[in-house]
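Student: Everything below, folded, please.
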Amino acid sequence: MEEAKNVTNEGDAVKKKSFFKKILTSKWFIITVLILGVSGYATWWGMNWWKDFSAKRGGQTHETQIAPKINATQDAHSAAKNITIDGALTTHQPAVQKQDSHGTAHNTVEPQKHTAPDSAFNETADKNKAATHASATPAAGHGTTHTASVRTGPRGVAFVEACIQPLDHELNHRFLGWRPNDIIRFADNIKNLQLGILEVTRRTAVALAENLSRTGSTDAYVPSLEYAMNSFMIKPSEYMFPSAESKYQEGLDGWRNYQHMLERKEERFYLRVDNLVPLFKAYESILGSCDENLVRELGNISTFKADDVFYYTKGVATAMGTILESVALDFDDTIGSQGMDVLHHAIEALHHASHMSPWIVLEGKPDGIFANHRANIAAPISHARFYLDVLSRSLTGNL
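Tutor: Numbers count the residues shown, from 1 in each chain. Here you go, the predicted structure:
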């Protein structure tokens with residue numbers, strides 16, 4: 001009898017223990033969900049606050065300012081006077097519009113006296129626009145305007161600077177810095193965006209070291225570019241001995257060293273078609289991989305996996321768009337006017353992809369009521385890849 005009672009008591013104890021275990025498990029699950037939700041909201045709010053604060057303090061990271069100086073001569077009655085117009089144009093104020101506004105002001109004050117100078121002024125503006133391949137129409141989808149950029153140094157300096165900017169921003173200006181090697185990870189969206197930027201940086205480093213800085217396969221590597229190429233290949237999750245940030249920073253320093261040598265004309269930067277096309281082919285390969293991951297199993301993967309692919313692709317588009325803008329500046333003579341139009345189409349598509357910022361990345365069915373953000377970003381990525389392929393074929397004569 002006593003043994004039976006003991007067995008019964010033990011059974012009751014096991015049931016009570018199991019019951020309390022279920023309660024505790026459910027309780028901690030709810031607490032964990034609440035903590036993650038609050039942490040995620042706090043992180044999102046903090047990042048938006050930091051972004052606004054940084055924009056107010058120093059402006060956008062990849063924003064460039066252009067200060068054109070245009071001289072217009074007066075007619076025969078005032079030939080000794082020159083009209084000089086100084087103005088700093090930002091990426092949100094088209095150059096053509098500002099020039100036209102000055103011309104309108106002259107016509108309003110003295111409509112007959114300044115007829116000839118205004119004609120010369122408009123002709124100068126048209127020549128400057130054609131020389132720099134400017135685009136003064138707002139970019140579709142994100143409401144920004146890409147104005148003409150002016151090359152102020154030797155060819156190649158602007159290209160190297162554009163290669164440095166995206167990764168330098170993630171290492172030195174991003175809130176919480178480099179994320180892939182963090183021990184405590186609050187969110188993985190920025191981590192995947194940084195991995196996309198890193199992939200474009202790596203492919204660019206290879207093209208710069210092997211093609212753009214050498215006449216051919218028999219030419220020697222530039223030591224700083226070779227070291228930079230190897231530095232970018234370290235695993236992004238390395239925490240120490242050495243850390244990923246330190247090696248990537250050394251790679252950027254190697255690029256800056258090469259940039260200074262170009263300014264002093266101690267190194268060369270080659271602008272031939274056979275030097276440039278391998279870069280386009282490498283970019284096509286990256287975009288092709290992104291495109292495949294974006295359209296694979298639409299509506300059939302989890303939202304958490306979908307946003308990883310989305311933000312990785314956004315990082316690729318961000319870095320690639322910045323670099324291709326510098327290609328349009330340094331390789332304008334190589335590409336030509338018709339090829340420049342194709343290149344601008346690719347840049348616009350990449351800008352459209354890089355400016356997609358949904359609150360939550362959804363993985364809806366293709367014919368459902370919810371959005372599928374992977375499919376949304378896949379369209380501009382596919383367009384950019386198509387235009388780069390057309391440009392490569394046209395440059396090599398394989399159309």
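
Student: what ranges do the helices span in the protein?
Tutor: Counting by DSSP state H, the chain has helices at residues 2-58, 95-109, 115-132, 157-172, 189-207, 223-231, 244-263, 273-295, 303-330, 332-354, 373-396.

Student: Mean pLDDT added to the ones you listed, as CSV?
Tutor: Output for the helices of the chain, formatted as CSV (pLDDT from 0 to 100):
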stretch, mean pLDDT
helix 2-58, 64
helix 95-109, 36
helix 115-132, 40
helix 157-172, 97
helix 189-207, 97
helix 223-231, 97
helix 244-263, 96
helix 273-295, 96
helix 303-330, 96
helix 332-354, 95
helix 373-396, 96
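
Student: would you list these in a markdown table and tack on distance to residue 214?
Tutor: Where you see a C-beta, it was placed from the backbone N, CA and C, and this is true even at glycine. As requested, the helices of the chain are exported to a markdown table (distance: least, C-beta to C-beta, whole Å):
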| stretch | distance to residue 214 |
| --- | --- |
| helix 2-58 | 37 |
| helix 95-109 | 36 |
| helix 115-132 | 28 |
| helix 157-172 | 15 |
| helix 189-207 | 11 |
| helix 223-231 | 9 |
| helix 244-263 | 12 |
| helix 273-295 | 8 |
| helix 303-330 | 16 |
| helix 332-354 | 16 |
| helix 373-396 | 19 |
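
Student: Turn these into JSON lines, including mean neighbour count and distance to residue 150.
Tutor: Converted to JSON lines, the helices of the chain look like this (neighbours: other C-beta atoms under 10 Å; distance: least, C-beta to C-beta, whole Å):
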{"stretch": "helix 2-58", "mean neighbour count": "11", "distance to residue 150": "21"}
{"stretch": "helix 95-109", "mean neighbour count": "15", "distance to residue 150": "10"}
{"stretch": "helix 115-132", "mean neighbour count": "15", "distance to residue 150": "7"}
{"stretch": "helix 157-172", "mean neighbour count": "21", "distance to residue 150": "9"}
{"stretch": "helix 189-207", "mean neighbour count": "22", "distance to residue 150": "23"}
{"stretch": "helix 223-231", "mean neighbour count": "20", "distance to residue 150": "26"}
{"stretch": "helix 244-263", "mean neighbour count": "19", "distance to residue 150": "16"}
{"stretch": "helix 273-295", "mean neighbour count": "19", "distance to residue 150": "21"}
{"stretch": "helix 303-330", "mean neighbour count": "23", "distance to residue 150": "8"}
{"stretch": "helix 332-354", "mean neighbour count": "20", "distance to residue 150": "12"}
{"stretch": "helix 373-396", "mean neighbour count": "20", "distance to residue 150": "23"}
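
Student: Out of the ones you listed, which gets nearest to residue 360?
Tutor: Set against residue 360 and scored by C-beta to C-beta, the helices of the chain come closest in helix 303-330, at 7.5 Å.

Student: helices and strands around the closest one, which ones?
Tutor: Here helix 303-330 touches helix 157-172, helix 189-207, helix 273-295, helix 332-354, helix 373-396, going by 3 or more C-beta pairs under 8 Å, 6 or more residues apart in numbering; DSSP states H and E.

Student: In TSV, list those helices along with distance to residue 33.
Tutor: Compiled in TSV, the helices and strands packed on helix 303-330 are given as follows (distance: least, C-beta to C-beta, whole Å):
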stretch	distance to residue 33
helix 157-172	30
helix 189-207	19
helix 273-295	29
helix 332-354	32
helix 373-396	23
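
Student: Disregarding residues adjacent in the polypeptide, which is nearest to residue 201?
Tutor: residue 167 (4.9 Å; C-beta to C-beta, 6 or more residues apart in numbering).

Student: contacting residues for that neighbour?
Tutor: 197-198, 201, 248, 252, 319 (C-beta atoms under 8 Å, 6 or more residues apart in numbering).

Student: Just to check, residue 213 is in contact with residue 224?
Tutor: No - in this structure residue 213 lies outside contact range of residue 224 using C-beta atoms under 8 Å: 9.6 Å.

Student: list residues touching both of these two?
Tutor: Counting by C-beta under 8 Å, 6+ apart, the residues touching both residue 213 and residue 224 are residue 258.

Student: quick one: residue 388 and residue 277, what's the gap?
Tutor: Distance of residue 388 to residue 277, computed by C-beta to C-beta, to the nearest Å: 10 Å.

Student: actually residue 295, not the one I wrote
Tutor: Taken as C-beta to C-beta, the span from residue 295 to residue 277 is 27 Å.

Student: contacting residues for residue 252?
Tutor: 164, 167-168, 171, 228.

Student: Sorry, wrong one. I was asking about residue 275.
Tutor: Residue 275 neighbours (C-beta under 8 Å, 6+ apart): 211-212.

Student: Also residue 214?
Tutor: 220-222, 270.

Student: I'd like to know which of those residues are buried.
Tutor: 222, 270 (16 or more other C-beta atoms under 10 Å).

Student: and the contacts of residue 214 as TSV, adding pLDDT?
Tutor: Listed next are the contacts of residue 214 as TSV, based on pLDDT from 0 to 100:
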residue	pLDDT
220	93
221	95
222	96
270	95
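
Student: between the contacts of residue 214, which is closest to residue 153?
Tutor: residue 270 (16.4 Å).

Student: Please report how far residue 386 lies from residue 359.
Tutor: In terms of C-beta to C-beta, residue 386 sits 30 Å off from residue 359.
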